[in-house]
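> no sequence for this one, just the structure:
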C-alpha cells in the first residue's frame, strides 16, 4: 500500500510548538507582512532574522510526541511506500526517526543563500550575517517559504498523489492551499482518504473518513490499525 501523509501545525502543537498564527491573526506578535514575505526581508532583514532565530532556538525545548513517533514506526513497516509531506518547519518528524519527509514550506534547520541559492543545514543564528559555506557571501536567509513564494517540490508531491492508495491529513487546517487541495487530487486518482484532526475542518467533507481528537491519541491508534 502506498501512503501519503500530510501533516500540519496540529501534530506539533502538542509538543509545545506554537501554531504560529494566533487567534487575532498575528504571528507571535507580528503581522505576516513584517516577518513572512520577501518584501519584509528586503525592508527590515534584522527583524525577520531575529524572528526565525528565536523560533530555531526554541526547537531545543520541544520533543517529538507520540504522533511523530507512531509515524516513524509506520515508515519502518512501509519503507519507500510511505511519504510524509509536512507544512511544518520544525524537525520533530526527523527527530522521531522518520526519514522520508518532504518539507513543503522549508525548515528552520536549513539556511538558504540568496546569492548562490544553495541550502545548508543550519542550527546557529543568522542575525550576525554569517558567510555562506558555499560561496562565502553574507547572504543567508531562513530556508522557509514566505507568502508570495512557491512551496517546495510540488511536482514530486503531485506525482506521488497520482499513485497513492491512501491519503491521510493530520493536524491541518484544511484551508491553506495548495495543501488543502491534496485530498481532492487523491480522490480523483482513486485513493482512499482519512483526516485526523482536533476538530472538523473546511476540507473534512472531502474525506472518506474524518476522526476528531488529539493527534497524540488518534495517530498512534490509527498506526496500530495499519500495522495489524
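That came through, no problem. All figures in this text were calculated on a predicted structure; none of them were measured in a lab.
> which one's the longest strand in this structure?
Across the chain, the longest stretch assigned as strand under DSSP state E is strand 106-113.
> contact partners of that one?
Contacts with strand 106-113, where a contact means Cβ atoms under 8 Å, 6 or more residues apart in numbering, come from 52, 55-56, 59, 89-91, 118-123, 126, 132, 134-135, 137, 139-145, 152. For the C-beta atoms, the positions are set from N, CA and C on the backbone; glycine is no exception.
> Then stretch 124-133?
Residues from elsewhere that reach stretch 124-133 (Cβ under 8 Å, 6+ apart): 46, 49-50, 52-53, 56-57, 111, 113, 115-116, 118, 120, 137-142.
> Okay, and which of the residues you listed map to strands?
Judged by DSSP E, the contacts of stretch 124-133 include 111, 113, 120, 140-142 as members of strands.
> Show me the helices in the chain, by range?
For the chain, the helices defined by DSSP state H cover 9-13, 32-35, 38-43, 45-58, 66-78, 92-96, 154-163, 182-188, 215-227.
> These: which one's closest to residue 205?
helix 182-188 (9.7 Å; Cβ to Cβ).
> And the closest one, what does it pack against?
Where contact means 3 or more Cβ pairs under 8 Å, 6 or more residues apart in numbering; DSSP states H and E, helix 182-188 is packed against strand 3-7, helix 154-163, strand 166-170, strand 192-197.
> Show me which positions of the worst-scoring helix or strand of the chain on mean pLDDT end up buried.
Here the helix or strand of the chain ranked lowest by mean pLDDT, DSSP states H and E is helix 32-35, holding a mean of 83. By 16 or more other Cβ atoms under 10 Å, the buried positions in helix 32-35 come out as 34-35.
> distance between that helix and the chain's centre?
Distance of helix 32-35 from its chain centroid, counting by Cα atoms, centre = their mean, to the nearest Å, is 19 Å.
> re the thing from before, please indicate which of the contacts of strand 106-113 are buried?
Counted by 16+ other Cβ under 10 Å, the contacts of strand 106-113 give 52, 55-56, 59, 89-91, 119, 122, 126, 132, 139-145, 152 as buried.
> Can you give the strand pairings for the longest strand of the chain, parallel or anti for each?
strand 119-121 (antiparallel), strand 140-144 (antiparallel) (DSSP bridges).
> mind putting these in CSV, mean pLDDT and distance to residue 183 included?
Converted to CSV, those look like this (pLDDT from 0 to 100; distance: least, Cβ to Cβ, whole Å):
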stretch, mean pLDDT, distance to residue 183
strand 119-121, 97, 29
strand 140-144, 98, 24
